[in-house]
Each structure stands twice: as C-alpha cells, then as structure tokens.
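Trainee: predicted model follows, preceded by the sequence.
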Amino acid sequence: MITVVGAGTGASPSPDVLAGAELVVGGRRHLDAVRLPETAERIVLGPLAPALDAMAQYVGTGRRVVVLASGDPGFFGIVRALAERFGAGRLDVRAGVSSVAAAFARAGLPWDDAVVVSAHGRELRTAVNVCRARPKVAVLTGPGSGPAELGAALASDARVLVVATALGSADERVERVTPAEAAARDWGPAVSVVLCLDEARALGGVRTVAGAPPGPAGWALDEGDFAHRDSMITKFEVRALALARLGPRLGDLVWDVGAGSGSVAVECARLGAAVTAVEKTPDGVGRIRANAAAHGVDVRVVHGTAPDVLSGLDDDPDAVFVGGGGRELPAVVTACARRARRTVVVAMAALDRVPAARAALTGAGFDCDGVLLQSSRLAPLPGDVTRLAATNPVFLLWGMRPPAHREGVAQ
C-alpha cells in the first residue's frame, strides 16, 4: 500500500501516518519537516522515474510506502503518476487543502467558477490565453512561468493578479498587483499560485457545473446579433464553416484579420479562445469592441493595416481567420501562414484572389482545401408565401498545418 499525504497549506502529517513506513518519498522540505521512523529509507524527489522504480521494489514485496506532497496531491499532483504506475487500488490518498483553494480563500472569493491551468513545466502561452479569455483563473506557476512572466504577457489586459507566496508558512504573502507591477519584480521561487482576475466579472451567479462555463448553446449567430455597416459582415453560413475549420477552444489564440464587425472574433471568444482582432478603420474598431461587450467576451482589438501591423503581435496564433479580398490579400495570407501554428482560413468574394491565397498557404507548408459557398435563405412574399433569396457566393479556403509540424498545441 502507498499512503499519499497532502500536507495542506502549512500543515504537517500526523505521526501515526508515518508509523511503520519503510520508505518515505517527498520533496526535501517535506522530508525535513517531519520525524521519520528510524528504520525508514527516504528518497528526495527529483526526477520522478527513478523514484517510481525504487517504490516498485517496496510495493512488490508488500512493504509500506509513504509519499509526502503539497496540498491536494490528486490535483495536478503525484497521484496521477502513482495511479498509472501502481493502480488506484493500491493508493491511500489523504488530501490536504490545495494551494488554489487556499489562495481563493485568502482573496475572499468563491472558486467553483474558476479555471485552473498549470504552467509548471508547461508552455506559459496556454495559461496566458486562458487568462485573457476567462475572468477568473488560477495559474500554477513554475520556473520561467511565474508572476513576472505572466504579468509581462498580460500587460495590456485589464486584469488584477493575486500572487500567493509560501501559503501556510510564517513567510506567507498574498499581494494584489497589476500585470505591469508583477512584471517588474523578482518574486523568487516560493510562489504557490497566481490568481488572474477580471474584477468586474469575478463574482457571477450560482453555478451548477464547476470550472469553465459550458460552451454556447449555438454559434454562427444571425447577422442581426452584431452591429455592422451596410451588411459588411461575414454571413452566418460562412461563419459556421469557418468556425469548424478554425476549431477555437480554451487555451488557443485566434487572430481575426480584417475583422470588420468582429463577428468571427466574437464567436471564437464565445467558444473559449483568446482573440486578437485586427481592423484598419477607426469605426470598425469601435464596432468590434461594442460587439464583444454586447456578447460578454474579451477581444483584444488592434487598430492597423495588415500585413504591416501583424509583426507587432507578440504571440503566434493557433488559428487565423482572414476576411476581405483586397490587393494586399496574398501578402496578408503569407504573413499569417508564417505565424499560424495550426490553421488559416480565408474568406474571399473575388474568385481571382483564390490562386494567390492558395499558393501562399501551400508555400508555407499547409495542406490546403476550399469550397464555394452558395446559399439561399427563406424570404417572405406577399400573399403569405415564401421564396428563396440567394446570398452572394463566397469562396472559403483553408490551410491545415500537418500534425507532425505543429508546435506546442494546447492540451
């Protein structure tokens, strides 16, 4: 049997838990904080594989093993690795209070509606995108992915960071800072967790399902659900297929280039992605912001002309939607294809723009496909009868980067 003990926030395991243990495994600070049985061997955790191999020798001969961990070891902790190696039936897990629960308690906030993302030993970009997309996020930090790095990535976002350090110890600190303030400090190695909050939305209604809110009940919304100019908006039939090819999800970053009304940007944000909309007209920028606010999502809006403005966007997107079909379209698609990690989708009304856009995608190593979308909608006629009203045809082209060439896709 393997007894896994979560020490909680500052609490120590009771002596009876360690009694009779023949092997005790844990981090150095956990092992130094307890009195081990005189005959017990101990392993200071470093690389996990050698520790698991050593534990297997004890478990295989029926000897008792105790593993000391922080907080709730079943929450982004060692229980997963132990259960995969030895089976859940051999584990006796005694959970403590997780650092996430303790941090929200210190902040005086409920956290059943929070999203928890780990940046410990993982790419920080996923945590950054989740923080941009959701109003209440807990980030488990690690070397190179701490409050300073998170703050630097969120410097232009309206967020507050709550940095919880050394929770449960005599050195505990819980500080509220702006992203810019976090970026300017050296926080040291003792940070437990960082909460990223949109304070205007940090408190919501009663929840039934914990964690990230469920996805929208519908998408490809009617054009009437968005403010737009002279019907200059991606029609819902086109948007439906574009969304299917973009595949926006929590942890992704999507660019909407030539965003216009921002209908694609807003729909991607509703589906959980962080979104940057690029628009060259000042009135378009205002409409995108108004549409995002009307649908309760965050969309970062960049005022500028593609492709030039794209070089100033720091993080590479997972997926890109390109709208419009001006002379600069091939250059825009080329610039987006160089940066996109997974997908580029291009909507064009002018058929003669298709070959150059396709060449830009295939030249960047994408597998390319497309379809001409023509639809007719029901429209009323006098006399209580209905006709079919044709919408303008649109060519939708998409490039998918082969899976073997994708890097760092969020999991």
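Mentor: Structure received.
Trainee: going forward, measure contacts and count neighbours with C-alpha atoms only.
Mentor: Noted.
Trainee: so which helix or strand takes in residue 185?
Mentor: Per DSSP states H and E, residue 185 falls between elements, in no helix or strand.
Trainee: so how far is residue 148 from it?
Mentor: 6 Å (C-alpha to C-alpha, to the nearest Å).
Trainee: between the two, who's got more neighbours?
Mentor: The neighbour comparison of residue 185 against residue 148 (other C-alpha atoms under 10 Å) goes to residue 148, with 20 against 12.
Trainee: does that one belong to a helix, a strand or coil?
Mentor: helix (DSSP: H, G, I helix; E, B strand; the rest coil).
Trainee: so which bits of stretch 395-404 are buried?
Mentor: Buried residues in stretch 395-404, counting neighbours by 16 or more other C-alpha atoms under 10 Å, are found at 395, 396, 397, 398, 399, 400, 401.
Trainee: am I right that the second one sits in a strand?
Mentor: Same thing as residue 396. Yes - assessed by three-state DSSP, residue 396 belongs to a strand.
Trainee: tell me the SS of the nearest residue to it once chain neighbours are set aside?
Mentor: Ranked by C-alpha to C-alpha, 6 or more residues apart in numbering and with sequence neighbours excluded, the top spatial neighbour of residue 396 is residue 347, at 4.7 Å. With three-state DSSP as the basis, residue 347 sits in strand.
Trainee: surely residue 229 is within a helix?
Mentor: No - secondary structure of residue 229 (three-state DSSP): coil, not part of a helix.
Trainee: and for the closest residue to it other than its chain neighbours, the neighbour number?
Mentor: Spatially, and ignoring its direct neighbours in sequence, residue 229 is nearest to residue 261 (7.7 Å; C-alpha to C-alpha, 6+ apart). Using other C-alpha under 10 Å, the number of residues around residue 261 comes to 29.
Trainee: was I right to think residue 261 contacts residue 283?
Mentor: No - counting by C-alpha atoms under 8 Å, residue 261 does not reach residue 283; the two are 9.4 Å apart.
Trainee: quick one on the thing from earlier: pick the one among the buried residues of stretch 395-404 closest to residue 194.
Mentor: residue 401 (33.6 Å; C-alpha to C-alpha).
Trainee: now the closest one: phi and psi?
Mentor: phi -70, psi 130 (degrees, to the nearest 10).
Trainee: could I get the pLDDT score of the nearest residue to it once chain neighbours are set aside?
Mentor: Spatially, and ignoring its direct neighbours in sequence, residue 401 is nearest to residue 366 (4.6 Å; C-alpha to C-alpha, 6+ apart). On pLDDT, residue 366 comes in at 97.
Trainee: next, residue 366: phi, psi?
Mentor: For residue 366, the backbone dihedrals are phi -90, psi 150 (criterion: degrees, to the nearest 10).
Trainee: residue contacts, it?
Mentor: By C-alpha atoms under 8 Å, 6 or more residues apart in numbering, the residues touching residue 366 are 399, 400, 401, 402.
Trainee: could I get the residues you listed as a markdown table with distance to residue 214, pLDDT and secondary structure?
Mentor: What follows is the contacts of residue 366, written out as a markdown table (distance: C-alpha to C-alpha, whole Å; pLDDT from 0 to 100; DSSP: H, G, I helix; E, B strand; the rest coil):
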| residue | distance to residue 214 | pLDDT | secondary structure |
| --- | --- | --- | --- |
| 399 | 28 | 97 | strand |
| 400 | 27 | 97 | strand |
| 401 | 28 | 95 | coil |
| 402 | 29 | 92 | coil |
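Trainee: any idea which of those residues is closest to residue 342?
Mentor: Once C-alpha to C-alpha is applied, the member of the contacts of residue 366 that ends up nearest residue 342 is residue 401, at 5.1 Å.
Trainee: test my guess that the closest one contacts residue 342.
Mentor: Yes - between residue 401 and residue 342 there is a contact under C-alpha under 8 Å: 5.1 Å.
Trainee: distance from the chain centre to stretch 138-145, please.
Mentor: 14 Å (C-alpha atoms, centre = their mean, to the nearest Å).
Trainee: distance check, the residue nearest to residue 401 against residue 316.
Mentor: Residue 366 is 16 Å from residue 316, by C-alpha to C-alpha.
Trainee: buried residues, the lowest-mean-pLDDT helix or strand in the chain. List them.
Mentor: Ranked by mean pLDDT, DSSP states H and E, the helix or strand of the chain with the weakest confidence is helix 15-18, at a mean of 82. Neighbour counts over helix 15-18 (16+ other C-alpha under 10 Å) mark residue 18 as buried.
Trainee: can I get the CA coordinates of that helix in CSV?
Mentor: Extracted C-alpha coordinates of helix 15-18, given in CSV (Å, rounded to 0.1, in the frame of the first residue of the first chain):
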residue,chain,number,x,y,z
PRO,A,15,2.9,11.0,13.3
ASP,A,16,0.7,7.9,13.0
VAL,A,17,0.7,8.3,9.2
LEU,A,18,4.4,7.7,9.2
